[in-house]
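*Asks:* Got a predicted structure plus its sequence, pasted below:
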Amino acid sequence: MKKIKCRSDEMVIDENNRLWPCCYTNLYKWSSTWQKNQDKDWNNLDKYSYEVILNNEGFTKHYNEEHWQDDTKCDEICKKYCSVNEKRL
């Protein structure tokens, strides 16, 4: 079984002023089932403050350790780009 070890150490603001948990979630957003089911502006800094966005479930529940080890909830992006073999943890 693979585990998730986040490779990012900072959030990203893209060219559309959207705040992302990491560069992978920004670059590969099209491959995320969770993101496809969200309002396209859920992380838009032109519409919402940092506080509102950081309190969104994307940051509080989805893209964090709470779901990384749950194969049914972990995002495809995290699985693909931040999976490691248990031995390497």
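*Replies:* Received the coordinates, thanks. Owing to the predicted nature of the structure, the values given are computational and were not obtained by experimental measurement. Numbers count the residues shown, from 1 in each chain.
*Asks:* what's in contact with the helix ranked longest in the chain?
*Replies:* Determined from DSSP state H, the single longest helix within the chain is helix 76-82. Outside helix 76-82, the residues that touch it by C-beta atoms under 8 Å, 6 or more residues apart in numbering are 2, 4-8, 24-25, 28-29, 31-33, 63, 67-68. Every residue, glycine included, has its C-beta placed from N, CA and C.
*Asks:* can you give me the strands in the chain?
*Replies:* Assigned by DSSP state E, the strands in the chain fall at 2-4, 12-13, 19-20, 83-85.
*Asks:* Compute the mean per-residue pLDDT across the third one, please.
*Replies:* Predicted confidence along strand 19-20 averages 96 (mean pLDDT).
*Asks:* Sheet partners, orientation included, of it?
*Replies:* Applying DSSP bridges to the sheet, strand 19-20 is found paired with strand 12-13 (antiparallel).
*Asks:* Do you know the pLDDT at Met89?
*Replies:* Careful, residue 89 is Leu and not Met. pLDDT recorded at Leu89 is 47.
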